[in-house]
Structures are given as C-alpha cells and as structure tokens.
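S.K.: Sequence first, predicted model second:
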Amino acid sequence: MRKKLVIWGASGHALVVADAARLGDEYEIAGFIDDVHPGRNGEEFRGAVILGGREQLDVLSSQGVNNLVFGFGDCRARLELAEFARRKGFRLATVIHPRAFVAADASVGCGTVILAGAIVNPATRIGENVIVNTSASVDHECLIEDGAHIGPGVHLGGRVRVGRAAWIGIGATVIDRSSIGAEAVIGAGAVVVADIPGGVLAYGIPARVIKRVETNG
C-alpha cells in the first residue's frame, strides 16, 4: 500500500517532483501546498488538489498524512521549511525517479529529489533537501551538502564538494576536486575550473566571481 505524500509547492518544479513520485512504487500524492497563491486553494493540479497553505499541515497530520517533499527550487527556503515541517511531525520523503541511476553505495539524505536521467556515482554523499535535477551527473566521491540544487544537465567531476544551499545553474560543468561554497550561485553554462567561495555569483568560461549574492539572512 502506497504512503500518502504531500508536495509543498505547486508550480513547474512541483510538476516534475509529482511525476517522479507517481512513477515510483512508494507514494500516492495526497495534494499540494501553496503558500504563495492563496487564491488557488481547491484548484486541480497534476491529478491532485491544491489544499491551501501551511495551515493545512495540521489537518493533513490528523488525517494520517505525514510524508512531505518540497516542489520548489529556493534552496534556503527548503532548508528553513524543512525544520518547520519536522516540528509539525512530518517525515521528509526522498523521491528518486525510476529512470535515475544511484550507485548502491551512494548515500542520499531525507527530502532529496533525484530526477529523470540523473546519475549519482559511487561513494558520493548527498545531503538532505538536495535537488539533483534532470539529466545531471554527479561523479564518484562527491559531497553535496544540504539544500543544494544541481541544475538540469549539470556535470560534476569526481570529488567535487558543493556547499550548503548552493545553486549550480543549467548546463554548468565543474571539474574534479573543485569546491563550491555555501549559498554560491553558478550561472548557466559555466565551466568551473577552480574553487568558488561561498555567497557569490560566478559564471562564464572559465567561471569567474562576479559579485556577492544578496541574501535576506
């Protein structure tokens, strides 16, 4: 019997997460949470219903729904709301598309989503609430810290370290043994050939630091 799963988010990324969850054999989608657009409450979305905002978590918990995964890309928000959801008694679900490849000895944290065509190679450690997006590849012995987003078509060489809540944009390449700091943003198509510090925007071929990233923290 499949477990009930609620997806927090109801936009494009949530579509992809829902598809991966449905194609697996573990979860049935109970509905979606949307804090951003309260007017969508009750709207049909991807074969289920938008239930409302975060106030619905208590209702869901009382109905025996206690598995949750995030369906949006904001890295810091995923980490902050993960703690909120846990305090509400929810378990963070890990969703792996059946057409992704994850090596037998790779470790994958709670709340992480690995999507279609992605490859995670041996001895890699992936933290909690990470996104390994469509057709991304993470080579051997990488460390991907909590909340990071490895964008579609990204390629990480061996022994790459990606810091907490870092974002690597679509189609970027990171050479082996490189380190990308916490909350760094790597632009689309960049080629990273040297370490990138935390909290900066870097892009280009080769990738260069452009500026500090503005945060609300």
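M.R.: It's in. Numbers count the residues shown, from 1 in each chain.

S.K.: Now do the residue found closest to residue 9 once you drop the neighbours it is linked to in the chain: how many residues are near it, please.
M.R.: Excluding its sequence neighbours, the residue lying closest to residue 9 (C-beta to C-beta, 6 or more residues apart in numbering) is residue 71, at 3.2 Å. For every residue, glycine as well, the C-beta is placed using N, CA and C. For residue 71, the neighbour count with other C-beta atoms under 10 Å is 27.

S.K.: ok, now which ones touch the residue lying closest to residue 119 once chain neighbours are set aside?
M.R.: Excluding its sequence neighbours, the residue lying closest to residue 119 (C-beta to C-beta, 6+ apart) is residue 137, at 4.4 Å. By C-beta atoms under 8 Å, 6 or more residues apart in numbering, residue 137 lies in contact with 118, 119, 121, 154, 155, 156.

S.K.: returning to what we had before: doesn't residue 19 make contact with the residue nearest to residue 9?
M.R.: No: assessed by C-beta atoms under 8 Å, residue 71 is found out of contact with residue 19, at 10.6 Å.

S.K.: Give me the distance between the two termini of stretch 52-70.
M.R.: Chord length of stretch 52-70, first to last residue, is 15 Å (C-alpha to C-alpha, to the nearest Å).

S.K.: buried ones in it?
M.R.: 52, 53, 56, 57, 60, 65, 66, 67, 68, 69, 70 (16 or more other C-beta atoms under 10 Å).

S.K.: Show me the residues you listed that map onto helices.
M.R.: Judged by DSSP state H, helices contain the following of the buried residues of stretch 52-70: 56, 57, 60.

S.K.: pLDDT value on the nearest residue to the last one once chain neighbours are set aside, please?
M.R.: This means residue 60. Sequence neighbours aside, residue 6 is the residue nearest to residue 60 in space, at 5.7 Å (criterion: C-beta to C-beta, 6+ apart). Note on residue 6: pLDDT of 97.

S.K.: swap in residue 166?
M.R.: 98.

S.K.: For it, give me its contacts.
M.R.: So residue 166 contacts 75, 145, 148, 149, 180, 181, 182, 183, 184, 185, 186, 198 (C-beta under 8 Å, 6+ apart).

S.K.: neighbours of the residue nearest to the second one when sequence neighbours are not counted, just the number please.
M.R.: Ranked by C-beta to C-beta, 6+ apart and with sequence neighbours excluded, the top spatial neighbour of residue 145 is residue 164, at 4.3 Å. Residue 164 sits with 19 neighbouring residues when counted by other C-beta under 10 Å.

S.K.: give the contact list for residue 164.
M.R.: Residue 164 touches 79, 127, 145, 146, 147, 148, 182, 183, counting by C-beta under 8 Å, 6+ apart.

S.K.: Recalculate using a threshold of 10 Å.
M.R.: By C-beta atoms under 10 Å, 6 or more residues apart in numbering, the residues touching residue 164 are 75-76, 79, 127, 130, 144-148, 181-184, 198.
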